[in-house]
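[1] Fold the following, please.
(chains A and B)
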Protein chains: 2
Amino acid sequence: MANIKPSLAKGTRDFSPREMEKRNYIFNTLRTVFKKFGYNEIQTPSFENLSTLTGKYGEEGDKLIFKILNSGDYLAKAPAAFLSEKLSNKLLSHISEKALRYDLTVPFARYVVMHQHEIVLPFKRFQIQPVWRADRPQRGRYREFYQCDVDVVGSSSLLNEAEFILIYREALAALGLNDFTIKINNRKVLSGIAEVIGKPELIVDMTVAIDKLDKIGLDGVNSELLGRGFTETDLDLLKPIILLDGSNDEKLMSLKEILSASSIGLQGVAEIEEVFRYLKDFGVERLLDNSIEVDITLARGLNYYTGCIFEVKTNEVSMGSIGGGGRYDDLTGMFGLKGLTGVGISFGADRIYDVLEELELFPASSASSTQVLITNFGEETYAHALPLLFNLRKAGVAAELYPASTKLKKQMGYADGKQIPYVLLVGEEEMASGAYSLKDMASGEQQKISYEELIAFLTKNTFSC
Amino acid sequence: MANIKPSLAKGTRDFSPREMEKRNYIFNTLRTVFKKFGYNEIQTPSFENLSTLTGKYGEEGDKLIFKILNSGDYLAKAPAAFLSEKLSNKLLSHISEKALRYDLTVPFARYVVMHQHEIVLPFKRFQIQPVWRADRPQRGRYREFYQCDVDVVGSSSLLNEAEFILIYREALAALGLNDFTIKINNRKVLSGIAEVIGKPELIVDMTVAIDKLDKIGLDGVNSELLGRGFTETDLDLLKPIILLDGSNDEKLMSLKEILSASSIGLQGVAEIEEVFRYLKDFGVERLLDNSIEVDITLARGLNYYTGCIFEVKTNEVSMGSIGGGGRYDDLTGMFGLKGLTGVGISFGADRIYDVLEELELFPASSASSTQVLITNFGEETYAHALPLLFNLRKAGVAAELYPASTKLKKQMGYADGKQIPYVLLVGEEEMASGAYSLKDMASGEQQKISYEELIAFLTKNTFSC
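    Residues are numbered from 1 along each chain as shown, chains lettered A, B, ... in the order given. Below you'll find the predicted structure:
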């Protein structure tokens, strides 16, 4: 065994106990909400056949997929010419047939196609798993990170869209985030805009440009549009659309006028209106008025979405979007199962983590799991201390006995380092009197307490298992 | 996008909703128990630097590690000679610098070394994550599977060993498994035996052979021992040791006689006795008498363990071990941090899953998360059905509205397929009268029920979020 100084692989992270508690808090909160809305969890394998993933993420995406080297004598069947000429790309399929999951969408599509005869449509699933990308690591961007996706396939009803807005609302509220904005747009509105300008073929260029309004401003968008084949006349037509203002109702009204000549555009507006109607029926008018914003500059992976598009931001911290999604009309077509419509959203777990951290919204109990540490004063106390420990746990209290009779200071340091809230002193005096000394590590206060009082106190005052 | 019929990568599995619920039930049950004993969860990245993993699992193990191909033009710097001569092994380190986690132990050791200045010793952690091995897939053996490890490092106290036995007891009981056997041995006892036979250098050969007693019987063990350098005289000495019988106390008594000339052997016996003494102090004599068995043929990864060794089997189903572990004296030495003792156990999640399945021990609620499906009789009912749905969820009931007003039969089929226990009919009649029809999908019975009764009934009778 080589004696090396170990390091993490580039772009990866360890999660220590406190981070794990916090991450589990987020994931479990989301899980509870997803289930309440009828979504069930699935998991797919970490690696897929390379052929399942290749060609689904564009040329750039393909490069970022981590490929797994075949096992054994992987060069045996490799064409000699590819080797001698060092043709990395051409050699690839000869030495690698598996690759790490790049997102949760393509494996989900594969799952739906393979399990199509056992699942009941509409199929509502969520999935919380890591994905891997060979991106250049930088602050906040990792090569391994969790995605958290919720999708329903096989239902064209816009009720699903309305429910996703409710899911965002309930999940964010459960995490303590009440001031957020959900932006909504519709791909058909974008198509309509390109149509009425007379440049339907430039829809992708148009949306890529106006999507940047936030970052580069109207002048920036305009010069990008000019570079992408639009004329000054087009810009004049686009300007009032891009700068559309007012309440959601006012925006939708204006859009209906602007798009009056485009049936697809009007359909997009109608879809947004239908989603809003359902939300009113659900009784969340306040949400609709305060937290939902029609934004026709919102694009998000346009080549993918075909109907409503969402994006969520918190207004309490300056941070990019913490979630988004939309409707797509052909999730499984890539695997030969045509015409299956779907709609889904995702939550950005890493960003939500940072938001909760900054706003100090993680529950205090997430700092530690052990609630009480019993001090160790030597083997002669075990006949008393071990049954006590046993009974504390039996009562549901997470408890430890320090495993050696070292200096009290060291034992206290252990409790401190592990953020254990209470320390119970069980020495000769305590055993004789039956009155233990319980120290509150936060306040430093110490009280005498009987066994019965102790159980009652700890099961009431602390998180118990 | 290629239109291909998708398949899973060899040796991998999808987990569908019901499997996920069951797996989460197992993992969450174990998590709760681990936390009650003061263990905290950590996670390490899915891939590590190849140098972190190589050389830690023996030559065979190294071959089973999945290597990740470097990104980009991975052949650019590869030595031409290795390519032209197709030297797969020599080329490896030039085209791959990362590899998938093979177990949780080596990454944990790496974690401890890298975080040594921030963790408080003794450090008690558990870890539940997938690992990957390029094994030939076969029934019950996958290339991706979860490991579930619990370890404490930095404490030599045998209290830890006693507590691991309690952890097995509590975890298995929480899963409904009460009839199990925990076998215990000690590496020092095995060293002692090799010593008193006069073949201390053959300890590995000896233990590898007697470890197979269960499978190949005494004759098989004997012929294997002869092949590994033992004499007939040695076999005569070994026979009564291998066939050691009686209660644990009787076995320990016999061992003390047999090992009277070996101080290391006696120390091993004393360690087992100390663990038993702690268990008596804990008050679990019955466990000690009924479920714990001293077994000197137990070896389990001998090159690794240095003290107590455990293995757990259920007696309710014929199945291999569902857990095991032991003490090791130098976990982190491979990364330059010497002298850190540790002890740990693991749970075989896949086998436990199969056991619970066979014994039908999974809770009924794990079949579905949605508790009630509201039927969809068209948009005209939404003003009534959507607030109802909203309030059910608000009351904590996982509920769905079927998203389209298709035939009732189809909606019932959806509830049936998803194992939703109740269906609520909300049609014109129900809206007018305020009395809903609630159908119990298991019994087929239907009752008229008011809104208040419905909420009370569903929050009482079903699993709620």
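[2] For chain B, see how far away the nearest residue to residue A:29 once chain neighbours are set aside is.
    Using Cβ to Cβ, 6 or more residues apart in numbering or on different chains and skipping the chain neighbours, the partner closest in space to residue A:29 is residue A:174 (5.0 Å). (Glycine included, C-beta is placed from N, CA and C.) Distance of residue A:174 to chain B, computed by Cβ to the nearest Cβ, to the nearest Å: 10 Å.
[3] burial measure for residue A:174, as a count.
    By other Cβ atoms under 10 Å in any protein chain shown, 14 other residues sit near residue A:174.
[4] quick one: pLDDT of it?
    Per-residue confidence (pLDDT) for residue A:174: 97.
[5] Flag the shaky bits of chain A, pLDDT-wise.
    Residue ranges of chain A with pLDDT under 70: A:1-4, A:301-302, A:365-368, A:461-465.
[6] Walk me through the domains of it.
    Taking automatic domain parsing as the criterion, chain A consists of the domains A:17-65+A:102-359, A:372-461.
[7] For residue B:286, which of these is the nearest?
    When the domains of chain A are compared by Cβ to Cβ, domain A:372-461 sits nearest residue B:286, at 13.1 Å.
[8] Could you check that closest one against chain B for contacts?
    Yes - using Cβ under 8 Å from any Cβ of the partner chain, domain A:372-461 reaches chain B at A:373, A:382-383, A:386-387, A:389-390, A:393, A:396-401, A:403-404, A:413-414, A:417-418.
[9] One more: stretch A:108-119?
    Yes - against chain B, stretch A:108-119 shows contacts by Cβ under 8 Å from any Cβ at A:110-111, A:113-115, A:118-119.
[10] tell me the two of these that are most distant?
    A:110 and A:118 (14.5 Å).
[11] Could you list the buried residues of stretch A:287-305?
    A:287-288, A:291-300, A:302, A:305 (16 or more other Cβ atoms under 10 Å in any protein chain shown).
[12] cool, and stretch A:202-210?
    Here stretch A:202-210 shows A:202-203, A:205-207, A:209-210 as buried, counting by 16+ other Cβ under 10 Å.
[13] ok, now stretch A:434-446?
    A:435-439, A:441.
[14] Residues contacting it, please?
    Outside stretch A:434-446, the residues that touch it by Cβ atoms under 8 Å, 6 or more residues apart in numbering or on different chains are A:372, A:415-416, A:419-426, A:430, A:447-451, A:454, A:457.
[15] again, 10 Å this time
    A:364, A:372-375, A:384, A:388, A:412, A:415-416, A:418-427, A:429-430, A:447-451, A:453-454, A:457-458, A:461 (Cβ atoms under 10 Å, 6 or more residues apart in numbering or on different chains).
[16] ok, now stretch A:253-270?
    By Cβ under 10 Å, 6+ apart, stretch A:253-270 touches A:158, A:185-197, A:200, A:237, A:240-241, A:244-247, A:251-252, A:272-273, A:294, A:296, A:307-308.
[17] Would you mind checking the residues you listed for buried ones?
    A:158, A:185-197, A:237, A:241, A:244, A:251-252, A:272, A:294, A:296, A:307-308.
[18] Next step: these restricted to helices.
    A:187-197, A:237, A:241, A:251-252, A:272 (DSSP state H).
[19] just those now: which is nearest chain B?
    Proximity of those to chain B (Cβ to the nearest Cβ) peaks at residue A:272, which lies at 16.6 Å.
[20] My guess is the closest one contacts residue A:293. True?
    No - at 11.2 Å, residue A:272 and residue A:293 do not qualify as touching, with contact defined as Cβ atoms under 10 Å.
[21] Shouldn't residue A:93 be within a helix?
    Yes - the assignment for residue A:93 (DSSP: H, G, I helix; E, B strand; the rest coil) places it in a helix.
[22] Excluding chain neighbours, what is closest to it?
    residue A:50 (6.9 Å).
[23] For that neighbour, which residues are in contact?
    A:62, A:65, A:67-68, A:92-93, A:96-99, B:9.
[24] Which among the residues you listed count as buried?
    A:62, A:65, A:67-68, A:92, A:96-99, B:9.
[25] Strands - which of these land there?
    Counting by DSSP state E, the buried ones among the contacts of residue A:50 place A:67-68, A:96-99 in strands.
[26] Of these, which ones also sit close to chain B?
    Contacts with chain B within those, counted by Cβ under 10 Å from any Cβ of the partner chain: A:67-68, A:96-99.
[27] Among these, pick out the one closest to residue B:54, please.
    residue A:68 (16.1 Å).
[28] Would you agree that closest one is in contact with residue A:98?
    Yes - between residue A:68 and residue A:98 a contact is recorded at 4.3 Å, counting by Cβ under 10 Å.
[29] quick one: buried residues of stretch A:163-174?
    A:163-172.
[30] That should have said stretch A:65-77, apologies.
    Across stretch A:65-77, burial judged by 16+ other Cβ under 10 Å covers A:65-71, A:74-75.
[31] out of the buried residues of stretch A:434-446, who's nearest residue A:337?
    Nearest to residue A:337 among the buried residues of stretch A:434-446, with distances taken as Cβ to Cβ, is residue A:441, at 58.0 Å.
[32] For the closest one, give me the backbone phi and psi.
    phi -70, psi -20 (degrees, to the nearest 10).
[33] Show the subsequent helix or strand relative to the one helix or strand residue A:28 maps to.
    According to DSSP states H and E, residue A:28 maps onto helix A:17-36. With elements assigned by DSSP H and E, the helix or strand that comes after helix A:17-36 is strand A:40-41.
[34] so what secondary structure elements neighbour that following strand?
    helix A:17-36, strand A:123-132, helix B:17-36 (3 or more Cβ pairs under 10 Å, 6 or more residues apart in numbering or on different chains; DSSP states H and E).
[35] about what we covered before: and the buried residues of stretch A:287-305, which two are furthest apart?
    A:287 and A:302 (26.3 Å).
[36] Counting only strands, which of the residues of domain A:372-461 next to chain B make the cut?
    Short answer: those in strands (DSSP E) are A:373, A:399-401.
[37] Could you pick out the buried ones from those residues?
    A:373, A:399-401.
[38] List just the nearest of those to residue A:84.
    residue A:400 (62.2 Å).
[39] okay, now the nearest residue to that closest one once chain neighbours are set aside: neighbour count?
    Among residues not flanking residue A:400 along the chain, residue B:38 sits closest, at 3.6 Å (Cβ to Cβ, 6+ apart). The tally of other residues near residue B:38 (other Cβ under 10 Å) stands at 25.
[40] my guess is residue B:38 meets residue B:120, correct?
    No - in this structure, residue B:38 is not within contact of residue B:120 by Cβ under 10 Å, at 11.6 Å.
[41] Show me the common contact partners of those two, please.
    By Cβ under 10 Å, 6+ apart, residue B:38 and residue B:120 have these common neighbours: residue A:418.
[42] secondary structure class for the residue in the stretch 201-350 of chain A positioned nearest to chain B?
    Here the stretch 201-350 of chain A gets closest to chain B at one residue, residue A:281, 4.1 Å apart by Cβ to the nearest Cβ. Following three-state DSSP, we place residue A:281 in the helix state.
[43] Over to residue A:261?
    Per three-state DSSP, residue A:261 ends up coil.
[44] can you check the one 3 residues further on too?
    For residue A:264, the secondary structure call by three-state DSSP comes out as helix.
[45] Next: the one 3 residues further on.
    Per three-state DSSP, the local secondary structure of residue A:267 is helix.
[46] Then residue A:148?
    Residue A:148 - assigned by three-state DSSP - is strand.
[47] my guess is it contacts residue A:39, does it?
    No - counting by Cβ under 10 Å, residue A:148 stays clear of residue A:39, with 11.4 Å between them.
[48] More neighbours: those two, which one.
    residue A:39 (26 against 22).
[49] so how far is chain B from that one?
    Residue A:39 is 8 Å from chain B, by Cβ to the nearest Cβ.
[50] residues contacting residue A:419?
    A:17-18, A:364, A:367-370, A:441-442, B:120.
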